[in-house]
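Asker: have a look at this prediction, sequence included:
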Amino acid sequence: MKKITLFSDGSALGNPGPGGYGAILRYGDTEKIVYGGESHTTNNRMELLGVIEGLRALKEPCSVTVISDSSYVIKGINEWLAGWVKRNFAKVKNPDLWQAYIEVSAQHQIYGEWVRGHNGHPENERCDEIAREQAEKFKQGLNTNG
């Protein structure tokens, strides 16, 4: 099973407002960048969507370490998700995205790792820049998912 590192970040200009996400998938020396956004969204939705779209880009089952500065996403993955499923997502924000996460993550072994945001972590800073660029494009009406 391939070991993949998935770095991800999300951004929203206003909360809600135009938002973007950026994700970097790394396998050895190979990187793939995934990005996109929405015209009206929240920061937490973009944080989670970056992880979902990063996982969606994988073509086979992998061992994935998700690295994010979002404690919402990392605690959701590592601690909260099983309880949310048992409660059928009662009183959980973004159940549509968490259910999408469950679908795209099912074939992978996933572990979430939190890093402090805006603290010089190179890949986190790159993902933050990509997410902000996407949010700005959506703010200007230039929808560019890719």
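Answerer: Noted; the coordinates are in hand.
Asker: going by C-alpha atoms from here, please, whenever you check contacts or count neighbours.
Answerer: Fine.
Asker: contacting residues around the longest helix along the chain?
Answerer: For the chain, the longest helix by residue count, based on DSSP state H, is helix 122-139. Contact with helix 122-139 is made by 7-13, 18-24, 35-39, 67-69, 117-118, 143-144, as judged by CA atoms under 8 Å, 6 or more residues apart in numbering.
Asker: check stretch 38-55 too.
Answerer: With CA under 8 Å, 6+ apart, stretch 38-55 has contacts from 6-12, 14-25, 34-35, 37, 66, 70, 72-73, 94, 97-98, 100-101, 104-105, 135, 138-139, 141, 143.
Asker: what subset of those is buried?
Answerer: Buried members of the contacts of stretch 38-55, scored by 16 or more other CA atoms under 10 Å, are 6-12, 17-25, 34-35, 37, 66, 70, 73, 98, 101, 104-105, 135, 138-139, 143.
Asker: Ser11 and Glu60: what is the separation?
Answerer: Using CA to CA, to the nearest Å, Ser11 is found at 28 Å from Glu60.
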